[in-house]
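Enquirer: Prediction below, plus the sequence it came from.
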Amino acid sequence: MDIGLDLGTAGCRAALYDAEGRVVARADRGYRLSVPHPGWAEQDADEVVATAVDVLRDLVARFPPGIRPRALGLSSVLHSVLPLDRERRALAPAITWADTRSAPQAERLRAQCDPTALYHATGCPLHPLYWPAKLQWLREHRPDVYRRARWFVSLKEHLLQRLCGRVAVDLSVASGTGLLDLRAKRWHPAALDLAGIREEHLSALVEPTAIVGEILPAIAEATGLPRGLPVVVGAADGPLASLGSGALGPGRMAATIGTSGAVRVVLREPRTDQQARTWCYYLAEEWWVAGAAINNGGIVYRWVRDHLFDWPDAPDGEDRRYAVMDALAEGVPPGSDGLLFLPFLAGERAPRWNADARGALLGLTLHHTRGHLVRATLEGVAFRMRSIADALEEAAGPPTEVRASGSFSRSRVWVQILADVLGRELLIPAVSDATAFGAAFLARRAIGDVDGLEEVRALCPIVEAFAPNPATRERYESLYRWYREAYA
């Protein structure tokens with residue numbers, strides 16, 4: 001049995017899986033995403049790491065008697081950057097993927113280089129999402145932090161230091177910095193120059209199946225994990241969501257909505273887009289992931305939950321609150337009676353890479369209720385997913401199947417809306433937490449229990465399929481044209 005630990009945007013989750021990929025035990029906890037100024041989104045790295053340790057302790061407490069895991073694999077969000085001093089102490093909060101404060105720096109950097117050539121080399125467009133712009137912002141606005149920083153790392157690297165006393169960066173997370181030569185799998189000199197740092201400021205690159213160390217005795221004592229448990233560095237959450245849902249190989253598209261959203265295909269070679277609408281990251285063992293992502297997925301539904309509802313008398317618990325909202329959405333007809341939500345609450349990524357995009361409600365009338373606002377939110381995010389799915393299809397070819405994963409897959413109404421908007425059948429694999437399972441599967445591969453990543457497919461059977469409703473599909477096709485005009 002193996003453990004997958006996933007550092008997400010809103011929280012951390014861990015699960016123990018048996019040899020057939022079934023969940024034996026599961027635990028999760030949330031942590032804060034701080035938004036101190038418009039466009040900012042940062043996290044206390046030490047709080048994130050402490051929460052991950054707590055989650056591991058919770059997980060072990062739920063093990064059946066006599067269970068001893070064989071390895072721990074890690075997954076984490078992409079694009080986080082954290083400055084550390086010589087003692088590897090955080091000098092400032094981690095800047096997350098949702099942070100768009102460095103939009104002016106990204107614009108200036110585009111004028112200082114050939115952005116198209118850099119995109120095709122690194123797989124990452126010049127955008128506030130990636131490290132060159134973020135590091136330039138630190139250099140200009142926090143020169144004290146920038147000067148004192150000995151290393152720049154991701155949140156996962158900070159966690160590795162705590163778990164096993166070693167620091168390395170897997171090629172998957174590194175490929176999401178905008179600093180990695182995607183094909184050569186080494187730091188890209190021109191990207192480093194643009195970012196204003198040297199290779200010595202970064203961690204050593206390792207394959208995602210690398211065993212970087214063993215659980216430290218202090219962590220074993222704090223969590224109950226066995227001493228000597230191998231720690232496998234793992235990969236980034238997006239690529240692992242594809243792996244963990246069994247969407248490996250040509251024609252298999254994964255559609256994921258968690259805090260953000262993405263569509264991805266896993267290929268045997270890097271693939272970029274002539275119009276730079278997509279990105280390309282590394283998974284592991286000569287598998288690459290081409291895809292496109294949106295900033296505004298579940299983070300928008302959470303915003304609606306927290307700001308448009310008064311919950312004191314409502315059911316307790318996050319899942320039950322979402323169930324209340326889903327029920328309201330189901331009571332509203334497709335199209336939300338003419339209400340359109342442009343859900344750009346955190347800027348936007350693909351396909352137009354517009355960090356300055358902002359949200360809007362269009363067509364609001366006295367007739368509309370809170371239920372309309374809820375359904376319009378789900379539909380607005382689905383339209384965003386359609387825009388990146390179309391771009392990816394042009395870049396990588398049409399899919400033969402689409403597998404759905406992420407927290408949204410627990411919402412039947414949202415999955416059906418996305419199937420209707422995409423006009424494609426959505427397949428739900430048996431694995432619920434695809435990212436955590438993907439991390440556990442890489443751990444299994446690292447210790448030699450499987451012969452290749454392709455074996456994951458046998459562990460991800462389809463348990464349900466959502467076919468598009470032809471009448472609703474036609475309605476959404478008309479609304480999607482309106483959405484595109486409104487965005488333009």
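Expert: That came through fine. Residues are numbered from 1 along each chain as shown.
Enquirer: How much space separates residue 364 from residue 275?
Expert: 33 Å (CB to CB, to the nearest Å). C-betas here are computed from N, CA, C, even on glycine.
Enquirer: again, but for residue 363
Expert: 30 Å.
Enquirer: Those two: who's more crowded?
Expert: Each of residue 363 and residue 275 has its neighbours counted (other CB atoms under 10 Å); residue 363 has more, 16 against 12.
Enquirer: Show me the helices in the stretch 51-200 of the chain, by range?
Expert: 103-111, 115-122, 131-141, 143-148, 155-164, 171-174, 189-195 (DSSP state H, counting those that start in this stretch).
Enquirer: Isn't residue 131 up against residue 82?
Expert: No - under the criterion of CB atoms under 8 Å, residue 131 makes no contact with residue 82, lying 11.0 Å away.
Enquirer: Return every residue with contacts to both of these two.
Expert: The contact sets of residue 131 and residue 82 overlap at residue 152 (CB atoms under 8 Å, 6 or more residues apart in numbering).
Enquirer: burial count for residue 456?
Expert: 24.
Enquirer: Confirm that it sits in a helix.
Expert: Yes - remark: residue 456 belongs to a helix, assigned using DSSP: H, G, I helix; E, B strand; the rest coil.
Enquirer: Excluding covalently adjacent residues, which one is nearest to it?
Expert: Closest residue in space to residue 456, ignoring its immediate chain neighbours: residue 441 at 5.4 Å, by CB to CB, 6 or more residues apart in numbering.
Enquirer: What are the buried residues along the lengthiest helix in the chain?
Expert: The helix that spans the most residues within the chain, counting by DSSP state H, is helix 370-396. Neighbour counts over helix 370-396 (16 or more other CB atoms under 10 Å) mark 371-392, 395-396 as buried.
Enquirer: Tell me which helix or strand comes right after that helix.
Expert: Later in the chain than helix 370-396, the nearest helix or strand by DSSP states H and E is strand 401-405.
Enquirer: what lines up beside that next one in the sheet?
Expert: Sheet pairing of strand 401-405 (DSSP bridges) gives strand 252-257 (parallel), strand 426-429 (parallel).
Enquirer: what's in contact with it?
Expert: By CB under 8 Å, 6+ apart, the list of residues contacting strand 401-405 reads 241, 244-247, 251-256, 415, 418, 422, 424-429, 431, 434-435, 460, 462, 466.
Enquirer: Which of the residues you listed are buried? Put it as a ChimeraX command.
Expert: In ChimeraX, a selection of the buried entries from those looks like this (16+ other CB under 10 Å):
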select :241,244,245,246,247,252,253,254,255,256,415,418,422,424,426,427,428,429,431,434,435,460,466
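Enquirer: Now stretch 223-242: buried residues?
Expert: Buried residues in stretch 223-242 (16+ other CB under 10 Å): 223, 225, 229-242.
Enquirer: Over to stretch 135-142?
Expert: For stretch 135-142, the neighbour count (16+ other CB under 10 Å) marks 135, 136, 137, 138, 139 as buried.
Enquirer: Stretch 296-309 too?
Expert: 296, 297, 298, 299, 300, 301, 302, 303, 304, 305.
Enquirer: what comes up buried for stretch 9-29?
Expert: Buried residues in stretch 9-29 (16+ other CB under 10 Å): 9-17, 21, 23-28.
Enquirer: What of stretch 44-58?
Expert: Those buried within stretch 44-58 under the rule 16+ other CB under 10 Å are 44-45, 48-58.
Enquirer: For the stretch 101-250 of the chain, give me the ranges with low pLDDT.
Expert: For the stretch 101-250 of the chain, no stretch has pLDDT under 70.
Enquirer: Go ahead and confirm residue 250 touches residue 265.
Expert: Yes - using CB under 8 Å as the test, residue 250 is close enough to residue 265 to be in contact (7.5 Å).
Enquirer: intersection of neighbour lists for the two?
Expert: With CB under 8 Å, 6+ apart as the test, residue 250 and residue 265 both reach residue 397.
Enquirer: the strands in the stretch 151-300 of the chain, which residues?
Expert: 151-153, 169-170, 180-181, 186-187, 205-206, 211-214, 230-236, 252-257, 261-267, 279-284, 287-294 (DSSP state E, counting those that start in this stretch).
Enquirer: Minimum distance to residue 411: which of these has it?
Expert: Set against residue 411 and scored by CB to CB, the strands of the stretch 151-300 of the chain come closest in strand 252-257, at 9.1 Å.
Enquirer: Put the alpha carbons of that closest one into CSV.
Expert: The C-alpha trace of strand 252-257 is given here as CSV (Å, rounded to 0.1, in the frame of the first residue of the first chain):
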residue,chain,number,x,y,z
ARG,A,252,-7.6,10.6,-23.8
MET,A,253,-8.5,14.0,-22.5
ALA,A,254,-8.8,14.9,-18.8
ALA,A,255,-11.1,17.7,-17.8
THR,A,256,-10.5,18.8,-14.2
ILE,A,257,-12.2,21.5,-12.1
